[in-house]
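**Student:** Return atomic coordinates for the entry below.
(one chain, ligands or ions: 1)
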Amino acid sequence: MGTSENRVSINIAGKAMPGVGLGLWKIDREQTADAVYAAIKAGYRHLDSAADYGNEKEVGEGIARATADGLCTREELWVTSKLWNTYHSPEHVEAACRRSLDDLGLTYFDLYLIHFPIALAYVDFETRYPPEWVFDPAQPEAGMKRAPVPLSATWAAMEDLVSNNLARQIGVCNYSTALLHDLMSYAKIKPAMLQVESHPYLTQEALLRTAADYGIAVTAFSPLGALSYVSLDMASEAESVLTAKPVVAAAARLNVSPAQVVLRWGIQRGTAVIPKTSRPERLQENLSLEGFSLDDEEMAAISALNQNRRFNDPGVFCEAAFGTFHSIYD
Ligand SMILES: NC(=O)c1ccc[n+]([C@@H]2O[C@H](COP(=O)([O-])OP(=O)(O)OC[C@H]3O[C@@H](n4cnc5c(N)ncnc54)[C@H](OP(=O)(O)O)[C@@H]3O)[C@@H](O)[C@H]2O)c1
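**Tutor:** Residues are numbered from 1 along each chain as shown. So this is what the prediction gives:
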């Protein structure tokens, strides 16, 4: 972890990744190009994209406008995207990666991740893109359709992306400690990144220690906790960590916002954070995490809020939304 040009960065396989990125999930397509442009203008150099977010073309428009206007070069940006569940079969991995690259107008990813350790039946680009979770929405009661693809086969195809210069680094999301141990046993190219849900109500200590033991960097998604899930009826406003006592107290002492405290807590634990906002006025707030720090007592008090509360759990939301029970966490 270090700071350069007043920005926090994370060491990922010897390369500096900006420690704060813009999360792009649930940014409306119509708003996305402007949001990306505004973020780059505000100083963001790290974008967290995914085929599944359905807005990669618009993300690409924002990047193209920003680079054309001289706000930054492609090389100065860190762009992450993710392999969707329906493309786990080795023969589909490169095409899925190329589709995301084409949509974004890029020739390589800084980081390409397996989105979930969940293999679903293939849906071709013409039938539906992005294909989401349900195999045939015309028959929604059929729900999700699993595919018998081992993660080791998907990983070997991810390694080929590095050999073919389509991805500089590869990694995984939503892996448990057991899946990480397994991956490390067969990976020829080691995963550079583990991206998982983490915030003060889900501190993931064992997972972070395991990743650290293997030298795998960690990115915390949904770093602000419940807020992202209220509109999806997967959390209530009352579960917001931004009103928790130790967060509010630290915010008052440091004269920063509760969101900045929670994001800074994530950074001080050594994780990257990728807060999403659709509100231009919050872009700068979420990026400005240097120039103040939480002391040991504040860090401990915020970490003690842990309730192992996971908001993004396929074992819960797939059953509620698609009628398929598919658990990945015990
Ligand atoms: N790998 C995976 O499986 C996975 C899963 C989930 C998410 N992700 C990634 O992680 C990113 C972040 O996670 P997330 O979008 O779930 O949640 P998040 O960034 O923790 O929270 C977003 C929510 O917080 C609000 N917010 C943002 N900044 C705020 C501030 N300064 N003060 C108060 N409220 C604020 C946003 O509202 P406004 O938009 O109105 O500001 C939105 O409702 C995603 O966008 C995505 O890129 C990855």
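
**Student:** Please identify the helix or strand for residue 112.
**Tutor:** Using DSSP states H and E, the element containing residue 112 is strand 111-114.

**Student:** Contacts for that strand, please.
**Tutor:** Under the contact criterion CB atoms under 8 Å, 6 or more residues apart in numbering, strand 111-114 has outside partners 12, 17, 78-83, 88, 97, 151, 154-155, 158, 161, 166-173, 192-193, 195. (Each C-beta comes from the backbone N, C-alpha and C, glycine too.)

**Student:** Only the buried subset of the residues you listed, as a ChimeraX command please.
**Tutor:** Of those, the buried ones can be selected in ChimeraX as follows, counting by 16 or more other CB atoms under 10 Å:
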select :12,17,78,79,80,81,82,83,88,97,151,154,155,158,161,166,167,168,169,170,171,172,173,192,193,195
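
**Student:** out of the contacts of strand 111-114, who's near the ligand?
**Tutor:** Intersecting these with the surroundings of the ligand, defined as CB under 6 Å from any ligand atom, gives 173, 195.

**Student:** Which of the contacts of strand 111-114 fall within helices?
**Tutor:** For these, membership in helices holds for 97, 151, 154-155, 158, 161, with DSSP state H as the criterion.

**Student:** would you turn those into TSV with pLDDT?
**Tutor:** Formatted as TSV, these follow (pLDDT from 0 to 100):
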residue	pLDDT
97	99
151	98
154	99
155	98
158	98
161	98
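
**Student:** Need the max-distance pair from those residues.
**Tutor:** Greatest spacing in these, by CB to CB: 97 and 151 (16.6 Å).

**Student:** what does the stretch 201-330 of the chain put close to the ligand?
**Tutor:** By the rule CB under 6 Å from any ligand atom, the part of the stretch 201-330 of the chain lying against the ligand is 221-224, 227-228, 257, 259, 274-279, 282, 285-286, 312.

**Student:** could you flag which of these are buried?
**Tutor:** If you count burial by 16+ other CB under 10 Å, the buried members of these come out as 221-224, 227-228, 257, 259, 274-277, 285-286, 312.

**Student:** taking those residues one by one, which sit in helices?
**Tutor:** Within those, residues falling in helices by DSSP H are 227-228, 259, 285-286.

**Student:** what's the farthest-apart pair in these?
**Tutor:** The largest separation in these, counting by CB to CB, is between 228 and 285 at 16.3 Å.

**Student:** what's residue 247 in contact with, if anything?
**Tutor:** Residue 247 makes contact with 200, 241, 258, 261-262, 302, 305, according to CB under 8 Å, 6+ apart.

**Student:** my bad, residue 310
**Tutor:** For residue 310, the contacting residues are 197, 202, 329, by CB under 8 Å, 6+ apart.

**Student:** Please work out how many residues are found near residue 290.
**Tutor:** Here the count is done by other CB atoms under 10 Å, and residue 290 has 15 residues near it.

**Student:** State the three-state secondary structure for it.
**Tutor:** Taken by DSSP: H, G, I helix; E, B strand; the rest coil, the conformation at residue 290 corresponds to coil.
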